[in-house]
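**Q** sequence plus predicted model, see below.
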Amino acid sequence: MAKKSKEVYKHSDAGISGQYKTWFLDYASYVILERAVPAIEDGLKPVQRRILHAMREMDDGRFNKVANIIGQSMQYHPHGDASIGDAIVNLGQKDLMIETQGNWGDVRTGDDAAAPRYIEARPSKFALEVAYNNKTTAWQVSYDGRKKEPVTLPMKFPLLLAQGAEGIAVGLATKILPHNFCELIEASIKYYKNKKFELYPDFLTGGMVDVSNYEDGVRGGKIRVRVHIEELDKKTLLIKDVPYGTTTTQLIDSIIKANDSGKIKIKKVTDNTAKEVEVQIDLAPGISPDITIDALYAFTDCEVAISPNACVIENKKPTFGGVKELLKFSADHTRQLLNAELEIKLKELLDKWHFTSLEKIFFEEKIYKELEKKHETWEAVIIAIDKAFVPFKKILKREISREDILKLTEKPVRRIYKLDIDDLISQIKSLEAEIDQVKHHLEFLTEYAISYYEELLRKYGKGRERKTEIKLFDTIQAKAVAIANTKIYVNKSEGFVGTSLKKDEFIADCSDLDDIIAFTKSGKMKVVKVADKVFIGKDIIHVAVFDKSDDRTTYNMIYADGKKGISYAKRFNVTGITRDKEYDLTKGDEKSKVHYFSVNPNGEAEVVRILLTPGCSARNKELDFYFETLEIRSRNSIGNQVTKYPIKSIRLLEKGKSTLDQRKLWFDEQFGRLNTEEKGKPLGNFEGDDKLLVIYEDGTYELTGQEITQRFEPDSIKVIEKFDAEKIITAVYLDADKLQYNVKRFKIETNTLQSRFSFIKEGNGNKLVMVTTLAEPILQMQSGKGTQIRRAKIKLHKVVDIMGWKAIGNKLTDYSKTDQMEWVIELPQNPQTNLFD
């Protein structure tokens, strides 16, 4: 008995183990195939397909309650009403396949749709045209065997790429981003024409997208999405849209979180969203709007990264691919469906032509009179009619069937008029024209598919233009834009730095993203992360916030080698480092010590006086040392020998001047940013107090500093260059009130930074046309067309006096007398002279 029981348990365990394996695979397959991943043929998940099928069954042209649609869909979908309702709302919010009525929520704000009993829907005209055709649909039995449902809908459009798809299954996930309706159609047409095409995401929520790493939407690709942020004034910013997958509530929460953590400083954030998205941010006093915009992108959901992962069901298996591959499949599938529709239509037309021709012969040749003759049986009548058609079978396109004859006998026999015969002849001609047209479409199927897509674009493309601006984003360094939200302190004697040492010496304001650099008396250097309390080493001589990219700050140092007592001087920069690693700046002896140390932001080289110890054997116990005699080398260099005698003290004798070249700046016209990496237009060499002059298209100018964090709109800039107070600006603008062009020459007389001043006459329609800072500007004006073109050159520096920047200026010419203006640069007569030297 015990043995038998043991065997039963053994078999039971094996059965359960096997069942677990089977059940898991069954469950995983079910979730992948029947719930989470869309089919490649129609771009729909099963629940979406069943909803659209149910809506087509219910469709009578009027709206239906969503609650009713849910009930109809439950005949096909073996899950609860909540999941079906959510899927309907999701389809409706995409505004493509379903026409909605009522409160369907808002993807921008995250507001939910009203209850299903309060909202209505019906298939859109677009859906009726591209998604339904019972004749080309493959059918299967529904889950309970009572109904038939489509295996896939005969979709003649790349719906998967238009709507996008997202789902998490067992062991895999899919994330296909939505693309632009018009661009998908245009790409399909290009594919048919064997032309290259590109596809990039487009979102109903608008915004900007950087697609440089999209990689065709395959796994491993990534896009960055940003909102548009407008500077209303120096104290207010406006966010005008939301990133894809984000709501205004989530966006505001991320801004508040960044403010609470000290990464940005704002006074208030207000959601003014109504028909259009508008989130207003009021800045704290003294906070730069440019830096805040960068910080919003760096620390909040104003910028999000999205990683696509295109996975679809093909031949009942999940497959991965790119969006171009998906579009090509859709275009080929559409062409196959159009071919099938044409074949079906051709067969129907041929059948109709065949019977109409039979009917014409039946009446025209009076074959119907066989019905009036006395035949023994009905079968004999059928045979007699069939024999009567024998002379005419050669003009028919197929054999006459028994069903054809039976159908003819059902025609009412009455007096046959010639008009009836003429009508049948007209029908036959019309059918023959249609047959020829269908055969032509079948012969030139690709051209037919192109015209099909062109018609879709014409009928449904209006209002579906791209909403998301494709733009290359600059990389924002979080440290560069983080607001100083904490303070750093140092205990020099004990060797600690940190934010919690509030009783010790204050060093600087910083952010919790910053690094701190510290030097000790023993010649050690360490870079550490901002923290509550970090040990550097006893006898700290210098602490500061560390900027890894700063290659201008130069450290001047004189130290004594602990082994031989010889003193060395060195100049060095600190750029590449390993955080928390201790660097020895001396020859390495533990008894080495630093006699003198200075920090020079622009590579200044001072003069110091060195006093030697009184007891040393040196003849001259006082000497001056010039740091400018040293080259700037790496921090690992030993340095140059200063003296072999022991040093008593060193003091500053004379402050140094910079030994570095002036700072070189460039303007990156793609991103509208200043840089030192030689990207874009060179602006020249800058000293510490030099300014930039920016002249805008709206007829204003602005003086700014050299801060790399500034943001400019490159499309709105006419001139950006190093400011020279002696330079004369020459401007031509349109006076719309008087319909004339005015010209003025003036110097910049204002000194206020970050403020824009208008230098053209105020008025509606007034606009800046030409502006330059050339010393001797020559303006060429052109009017007329063809052989009547007239050109005139004016040396404005000779005919226009210098005036104040607020002056209206002198009349140049009437608006109607000039079609085109341009600056002319006349090269000097001496060919050896370089105009740009």
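**A** Looks like it arrived, so ask away. Numbering: from 1, shown residues only.
**Q** which helix in this structure has the most residues?
**A** Assignment by DSSP state H gives helix 323-364 as the longest helix of the chain.
**Q** which SSE is immediately downstream of it?
**A** helix 378-388 (DSSP states H and E).
**Q** okay, buried residues for that following helix please.
**A** V381, I382, I385, D386, A388 (16 or more other Cβ atoms under 10 Å). In short, each C-beta sits where N, CA and C put it, glycine included.
**Q** same check, this time on stretch 156-171
**A** K156, F157, P158, L159, L160, L161, A162, Q163, G164, A165, G167, A169.
**Q** of all these, which comes closest to F757?
**A** Checking those against F757 by Cβ to Cβ gives G164 as the nearest, at 47.4 Å.
**Q** and the gap between G565 and C616?
**A** 10 Å (Cβ to Cβ, to the nearest Å).
**Q** pull up the overlap in contacts between those two.
**A** With contacts defined as Cβ atoms under 8 Å, 6 or more residues apart in numbering, the residues shared by G565 and C616 are P646.
**Q** and the helices in the stretch 201-350 of the chain?
**A** 248-260, 289-299, 323-364 (DSSP state H, counting those that start in this stretch).
**Q** tell me which of those is the most buried.
**A** Mean neighbour count, computed with mean count of other Cβ atoms under 10 Å, is highest for helix 289-299 among the helices of the stretch 201-350 of the chain, reaching a mean of 22.
**Q** what packs against that one?
**A** Counting by 3 or more Cβ pairs under 8 Å, 6 or more residues apart in numbering; DSSP states H and E, the packing neighbours recorded for helix 289-299 are strand 229-233, strand 236-239, helix 248-260, strand 279-283, helix 478-481.
**Q** so which of the ones you listed comes closest to Y448?
**A** Using Cβ to Cβ, the nearest of these to Y448 is helix 248-260, at 45.6 Å.
**Q** other residues contacting that closest one?
**A** By Cβ under 8 Å, 6+ apart, helix 248-260 touches 108-110, 227, 239, 242-243, 264-266, 269, 271, 273, 277, 279, 281, 295-296, 299-302.
**Q** K581: what's it in contact with?
**A** K526, V527.
**Q** can we see that at 10 Å?
**A** Contacts for K581 (Cβ atoms under 10 Å, 6 or more residues apart in numbering) come out as M525, K526, V527, V528.
**Q** export the helices of the stretch 201-350 of the chain as a markdown table, with columns for mean pLDDT and distance to A518.
**A** A markdown table is the format used below for those (pLDDT from 0 to 100; distance: least, Cβ to Cβ, whole Å):
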| stretch | mean pLDDT | distance to A518 |
| --- | --- | --- |
| helix 248-260 | 93 | 29 |
| helix 289-299 | 90 | 27 |
| helix 323-364 | 90 | 52 |
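**Q** how about these, which one is nearest E687?
**A** helix 289-299 (22.2 Å).
**Q** next, the angle helix 248-260 makes with the closest one.
**A** With axes from the mean of the first three to the mean of the last three Cα atoms, to 10 degrees applied, the angle from helix 289-299 to helix 248-260 works out at 110 degrees.
**Q** the closest residue to H542 other than its chain neighbours: what's it in contact with?
**A** Counting by Cβ to Cβ, 6 or more residues apart in numbering, the nearest residue to H542 once its immediate chain neighbours are dropped is F519, at 4.5 Å. Applying Cβ under 10 Å, 6+ apart, one finds that F519 lies in contact with 525-526, 536-537, 539-544, 555, 557, 574, 583, 585, 594, 597, 599.
**Q** what's the helix or strand for the closest residue to Y741 other than its chain neighbours?
**A** Excluding the flanking residues, the one nearest Y741 by Cβ to Cβ, 6+ apart is L812, at 4.4 Å. Using DSSP H and E, L812 maps to strand 810-814.
**Q** pull the residues that contact that strand.
**A** Counting by Cβ under 10 Å, 6+ apart, 732-733, 735, 738-745, 769-770, 779, 781, 783, 792, 794, 796, 799-801, 803, 818, 821 sit against strand 810-814.
**Q** in helices, which of those residues appear?
**A** Per DSSP H, those map to helices at L796, V799.
**Q** please convert the buried members of the contacts of strand 810-814 into PyMOL selection syntax.
**A** To isolate the buried members of the contacts of strand 810-814 in PyMOL, using 16+ other Cβ under 10 Å:
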select buried, resi 732+733+735+740+741+742+743+744+745+769+770+779+781+794+796+800+818
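**Q** which of the contacts of strand 810-814 fall in strands?
**A** The strands, defined by DSSP state E, take in 732-733, 735, 740-745, 769-770, 779, 781, 783, 792, 794, 803, 821 from those.
**Q** show me the residue sitting in the middle of the protein in space.
**A** Centroid check for the chain by Cα atoms, centre = their mean gives V209 as the closest residue, at 0.8 Å.
**Q** how close does that one sit to E622?
**A** 68 Å.
**Q** does L683 really touch Q662, like I thought?
**A** No - in this structure, L683 is not within contact of Q662 by Cβ atoms under 10 Å, at 11.4 Å.
**Q** neighbour count winner among those two?
**A** L683 (18 against 13; other Cβ atoms under 10 Å).
**Q** residue ranges with poor pLDDT in the chain?
**A** 1-21, 23-28, 30-31, 33, 368, 372, 375, 412-419, 826-837 (pLDDT under 70).
**Q** hey, what's the nearest residue to E505 once chain neighbours are set aside bridged with?
**A** Nearest residue to E505, sequence neighbours excluded (Cβ to Cβ, 6+ apart): V490, at 5.2 Å. Taking DSSP bridges, one obtains V497, E505 as the residues bridged to V490.
**Q** so who does V490 touch?
**A** V490 touches 496-498, 501, 504-508, 516, 518, 536, 540, 542-543, counting by Cβ under 10 Å, 6+ apart.
**Q** how does it look with 6 Å?
**A** Contact analysis of V490 by Cβ atoms under 6 Å, 6 or more residues apart in numbering lists V497, E505, I507, I540, V543.
**Q** then G286?
**A** With Cβ under 6 Å, 6+ apart, G286 has no contacts at all.
**Q** same check, this time on V242
**A** Taking Cβ under 6 Å, 6+ apart as the test, what V242 contacts is R108, T205, T248, L251, V277.
**Q** of these, which is the nearest to Q93?
**A** Nearest member of the contacts of V242 to Q93, counting by Cβ to Cβ, is R108, at 10.1 Å.
**Q** contacting residues for the closest one?
**A** T205, V242, V277.
**Q** got JSON lines for those, with distance to E231 too?
**A** Below are those laid out as JSON lines (distance: Cβ to Cβ, whole Å):
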{"residue": "T205", "distance to E231": "21"}
{"residue": "V242", "distance to E231": "19"}
{"residue": "V277", "distance to E231": "17"}
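**Q** tell me the one of these nearest I760?
**A** So of the contacts of R108, ranked by how close each gets to I760 (Cβ to Cβ), first place is V277, at 33.3 Å.
**Q** list the residues that contact G207.
**A** For G207, counting by Cβ under 6 Å, 6+ apart, the contacting residues are V225, V227, D241, P243, T468.
**Q** buried sites along stretch 712-725?
**A** Neighbour-count burial for stretch 712-725 [16+ other Cβ under 10 Å]: F712, I717, K718, I720, E721, K722, F723.
**Q** let me have those residues in TSV, adding distance to G699 as columns.
**A** Compiled in TSV, these are given as follows (distance: Cβ to Cβ, whole Å):
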residue	distance to G699
F712	17
I717	13
K718	9
I720	15
E721	17
K722	21
F723	18
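**Q** which parts of stretch 564-578 are buried?
**A** Those would be I566, S567, Y568, A569, K570, R571, F572, N573, V574, I577, for stretch 564-578 by 16+ other Cβ under 10 Å.
**Q** my guess is the last one contacts M525. True?
**A** No - assessed by Cβ atoms under 6 Å, I577 is found out of contact with M525, at 8.4 Å.
**Q** check contacts around the residue lying closest to V279 once chain neighbours are set aside.
**A** Leaving aside its sequence neighbours, V279 sits nearest to I239 (Cβ to Cβ, 6+ apart; 4.0 Å). Each residue near I239 by Cβ under 6 Å, 6+ apart is listed here: V227, I229, V279.
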